[in-house]
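**Q** Below is the sequence, then the predicted model.
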Amino acid sequence: MKVAIPSKGEKGLRDRVAETFSRAPIFTIITLEKGKVRNVEVVKNRASEMSQGAGPVAARTLKENKVDVVLAGDIGPGARDILETIDIRVEKVEPGLRVKEALEKWVKGA
């Protein structure tokens, strides 16, 4: 399973969860196997600096990376609808947490 977390920078699991989804500069994409981290990728969000239409571009980036679940703080209704339409589950996490902390909380509660 692949989990994406919008993040503020390129520090992977040590980075912080971004406040927003569509305009987060980075997506930290974690591959989980049986609840354990197997791989961590840092992917630039091409939509981060768009003035309009960021949601569809961000969603497409995750689909291209075969993401199954996105953990984020704030996701607008348009982006949420697109993600659900392309079978990417949306789960809420607290912005500002370290990516590793957000992932661990979600795994324990998932």
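**A** Thanks, I have the structure now. Numbers count the residues shown, from 1 in each chain.
**Q** From Val90, how far out is Asp74?
**A** For Asp74, the distance to Val90 equals 11 Å [Cβ to Cβ, to the nearest Å]. No exception for glycine: its C-beta is placed from N, CA and C like everyone else's.
**Q** And the contacts of the lowest-mean-pLDDT helix or strand in the chain?
**A** Counting by mean pLDDT, DSSP states H and E, the chain has its least confident helix or strand at helix 77-85, which shows a mean of 91. Helix 77-85 has contacts (Cβ atoms under 8 Å, 6 or more residues apart in numbering) with Phe21, Ser22, Ala54, Gly55, Pro56, Ala58, Ala59, Leu62, Val70, Ile75, Arg89, Val90.
**Q** Thought Thr61 was touching the first one, still the case?
**A** This means Phe21. No. Using Cβ atoms under 8 Å, Phe21 is not in contact with Thr61, being 11.0 Å away.
**Q** Which residue of the two possesses the greater neighbour count?
**A** More crowded of Phe21 and Thr61, by other Cβ atoms under 10 Å: Phe21, with 28 against 18.
**Q** Now do the helix or strand encompassing Arg60 against helix 77-85, angle only.
**A** Assigned by DSSP states H and E, Arg60 belongs to helix 54-64. Orientation of helix 54-64 against helix 77-85 (axes from the mean of the first three to the mean of the last three Cα atoms, to 10 degrees) gives an angle of 20 degrees.
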